[in-house]
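Q: my questions are about this predicted structure, shown below with the sequence.
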Amino acid sequence: MKKFNLSVAFLLFLGGYCLQAQERIPQVEALLEKMTLEEKIGQLNLLTPGGGIATGSVVSEDVEAKIKAGNVGGVFGVSSPERVRQAQELAVKNSRLGIPLLIGSDVIHGYKTTFPIPLGLSSSWDMDLIRETAKVAAKEATADGINWNFSPMVDISRDPRWGRVAEGAGEDAYLGSQVARAMVQGYQQEDLSEPNTMIATVKHMALYGAPEGGRDYNRVDMSRTKMFNEYLPPYKAAVDAGVGSVMTSFNDIDGVPATGNKWLLTDLLRERWGFNGFVVSDYTSVNEMIAHGMGDLQDVSAMALKAGLDMDMVGEGFLTTLKKSVEEGKVSEEEITTAARRILEAKHKLGLLDDPYKYSDTSRPETDILTKENRDLARLAATQSFVLLKKKDNILPVSKKAKIALIGPLANNQSNMLGTWAPTGDFTLSVPVLEGFRNVAPSAKITYAKGANITNDTALAKKVNVFGSKVEISNESSEQLLQGALKVAKASDVVVAVIGEASEMSGEAASRSNIQIPESQKRLLRELVKTGKPIAVVLMSGRPLDISEEMEMPVSILQVWHPGVEAGNAIADVVFGYVNPSGKLTMSWPRNVGQVPVYYGERTTGRPAPTQEFEKFKSNYLDVKNSPLLPFGHGLSYTNFQYSEIKASKENLRSVDSLKISTTVTNTGKLEGQEVVQLYIHDKVRSITPPKKQLIDFKKISLAPGESKTVEFQVTVEDLKFYNSQLEHVAEPGEFEFFVGGTSDCEMQGSFTLTE
């Protein structure tokens, strides 16, 4: 079969040529000429003085002295124009060459204006909105002195046990690539020398989202074709978008830790993809290669440098061993110079070499941080992230004239609204749900009861509360809490139950083997259902949950993730119907944890189950259906949408042409609403096993009641390409089926043929 591709050899040639042809920056080269070996090594050292919210288990010592000695290239955990100026003065006025510092931070989903967790933002399927949230985050962070961001996290994951799914965009490589591109563009914009832009860092390179057992920091093992087709595309999308920095992951790849993996950091990232920024380790990941079995600190530091790592975060292995490794011939000064050059080039792009204090404007925090406009965007973003999982008997939206019982441990709780990985946010500024209800519906009769603790498990609570109180166990007994809630519920017209995870029940080092709602809250919901009152469940979590029991209850369920600083207002906007929910899931939700991993794009097998009913000697379970409880792309609305006239513009597609796939979508309900129209394909015959379905495009549209719109997708040969067993990016001639609808569960609608 003919293949439409560029050969790997040619791609590698182009990548290598781009690297060699990159112009040297005179200002940087002049500095390198003056630098001693020790000063070059100093540029490769990233430290944190501590004092803020911890993002790791180690805090650097004697940071001030090391900066003065020229032994530090960047710091993180420092913010405010005044403190950043002090840090820069230490470097500029006290070190021999006066080289300013990179100032880094984890700005994951907003800075002070905290947006929904990234998994929630991705559920908006709105790239313009996601780009705008990153732009606002950059504006606020740079106003507080930060010029380098450890975001976006683009790790694909199909395992909801892994807590860090909260930080990513879900299970799909195509959607994840669009999100990665939008976030890089939002942080960096057009010109990094502008004071409201910052260097973005794509992380974690690579495959971090596929740990065995869903356990954080664990091993990863997968084939190269799976890597290239299903996990690597979002990292490449970020590189193609011009991301300035890449962070390595904690896991190994082909048995070699990512931080010391030359194939990953040099052969793939630089030579094949043409990346020309700098690579930083994750928190002490150089040192952690010792535990991986790679040698002592000198060994692993040399290994990491030679692999293509440029900056060592916190571990100080570069600082303390590289000079000795040069003397012993284990690394060359040229390799150290190359890494130092990349750090200095980043500082040049930011304009720091000309003005070290450009991020120390004391007037900016007041005008740029937590403004009304920024909070309005956070409120809008939250409403767009919510996913209506189930609707029952028009319980939602709730009438403001109804007597409302607002019940649940998350219904009047500030500390959990921001979500995981919001170290720069202030939870005391967040709007709890009760306050939001009273803001949006001031005349409504709203009665509140806690009803239950988030969990009654004191051991679990202790683990969740490492960085502050997220799970508070009441002095009242569980029975007292429950009876108080039932009394309130029985006196109401409708119950809104706000339940789910505490914010730190997901995130880094927060893997769970049981992904159900905690039993304390399950009991509360069961008893509320027995009252016979209409119940709307507002579900908060940082991951897909096993809600098989709850889906069988006579309730409506609105998934709100952890919505950010405007949580309560945004939830009230949707619950009372001022905003019609339009979010769609970007991770499949399992029927139980035994299904994991479950995802829409699994490859076909030789013994596929033809239906959801059990059939012996087919690929299925004895005790549960193969399909997820809630599929990728699922999300309901207060209105209804009908698809019709789905067709392709022609039967055959040549490599130099395109074809259109179109559909007409009609709002058949009584409310205005938004729908995410999704296009999937299936390659019927190819040289490696194809996925059952593959998302290749989507469009979000708005429709008034009764309105119809024709949605067109342009399909070219580029949309049909995949990486074959030789890792060539090819499209193979043959028949393709296509699927159009509002979920990955949509049925096959037609086919076309790619011709030679």
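A: Nice, thanks for sending it over.
Q: the closest residue to residue 161 other than its chain neighbours and residue 555, how far apart?
A: Once flanking residues are discounted, residue 161 sits nearest to residue 214: 2.8 Å by CB to CB, 6 or more residues apart in numbering. For glycine as for every other residue, the C-beta is placed from the backbone atoms N, C-alpha and C. For residue 214, the distance to residue 555 equals 28 Å [CB to CB, to the nearest Å].
Q: residues near residue 463, how many?
A: Other residues within reach of residue 463, judged by other CB atoms under 10 Å, total 13.
Q: cool, residue 649 as well?
A: Residue 649 has 14 nearby residues by other CB under 10 Å.
Q: quick one: it and residue 714 touch, right?
A: No. Counting by CB atoms under 8 Å, residue 649 does not reach residue 714; the two are 9.6 Å apart.
Q: the strand or helix carrying residue 663 - contacts with which helices or strands?
A: When elements are assigned from DSSP states H and E, residue 663 belongs to strand 658-667. Strand 658-667 sits against strand 641-648, strand 673-683, strand 694-703, strand 708-716, strand 734-741, strand 748-754, with contacts defined as 3 or more CB pairs under 8 Å, 6 or more residues apart in numbering; DSSP states H and E.
Q: so for the closest residue to residue 594 other than its chain neighbours, what's the pLDDT?
A: Counting by CB to CB, 6+ apart, residue 624 is the residue found nearest to residue 594 once chain neighbours are left out, at 7.2 Å. pLDDT, residue 624: 94.
Q: swap in residue 604?
A: Reading off the model, residue 604 has pLDDT 87.
Q: what about it, neighbour count?
A: By other CB under 10 Å, neighbour count at residue 604 equals 12.
Q: contacting residues around it?
A: Listed by CB atoms under 8 Å, 6 or more residues apart in numbering, the contact set of residue 604 reads 689, 690, 691, 692.
Q: residue 746 is in contact with residue 682, isn't it?
A: No. Checked against CB under 8 Å, the pair residue 746 and residue 682 is beyond contact range at 11.8 Å.
Q: joint contacts of the two?
A: Contacts common to residue 746 and residue 682, judged by CB under 8 Å, 6+ apart, are residue 739.
Q: more neighbours: these two, which one.
A: residue 746 (20 against 17).
Q: tell me, what residue is most central in this structure?
A: Centroid-nearest residue in the chain, with CA atoms, centre = their mean: residue 168, separated by 1.9 Å.
Q: in contact with that one, which residues?
A: Applying CB under 8 Å, 6+ apart to residue 168 gives the contacts 118, 119, 122, 153, 154, 155, 156, 157, 176, 209.
Q: regarding the fifth one, what are the backbone dihedral angles?
A: Going back to what we said before, that points to residue 154. phi -120, psi 20 (degrees, to the nearest 10).
Q: tell me how many other residues surround it.
A: Residue 154: 33 surrounding residues under other CB under 10 Å.
Q: OK, contacts around it?
A: 168, 169, 176, 177, 179, 180, 202, 203, 234, 235, 237, 238.
Q: wait, the fifth one sits on residue 126?
A: Read that as residue 179. No. With contacts counted by CB under 8 Å, residue 179 stays clear of residue 126, the gap being 10.1 Å.
Q: residue 264 and residue 205 touch, don't they?
A: Yes. Judged on CB under 8 Å, residue 264 makes contact with residue 205 at a distance of 6.6 Å.
Q: intersection of neighbour lists for those two?
A: By CB under 8 Å, 6+ apart, the residues touching both residue 264 and residue 205 are 248, 258.
Q: returning to what we had before: give me the subset of the contacts of residue 154 lying in strands.
A: 202, 203 (DSSP state E).
Q: quick one: which of the contacts of residue 154 is nearest residue 65?
A: The closest of these to residue 65 turns out to be residue 203 (CB to CB; 29.6 Å).
Q: re earlier: okay, and the common contacts of residue 649 and residue 714?
A: Residues within reach of residue 649 and of residue 714 at once, by CB under 8 Å, 6+ apart, are 659, 660.
Q: follow-up on the earlier one: what sits against the residue nearest to residue 594?
A: 591, 592, 594, 595.
Q: closest to residue 343 out of the residues you listed?
A: Residue 343 lies nearest to residue 595 out of the contacts of residue 624, by CB to CB, at 45.1 Å.
Q: what sits against residue 252?
A: Counting by CB under 8 Å, 6+ apart, the residues that residue 252 touches are 219, 220, 258, 261, 292.
Q: how far away is the fourth one from residue 248?
A: So that's residue 261. Using CB to CB, we find residue 261 at a distance of 8 Å from residue 248.
Q: what does the second one give?
A: Using CB to CB, residue 220 is found at 13 Å from residue 248.
Q: between those two, which has more neighbouring residues?
A: residue 248 (29 against 20).
Q: that one reaches residue 205, doesn't it?
A: Yes. With contact defined as CB under 8 Å, residue 248 counts as touching residue 205 (5.4 Å).
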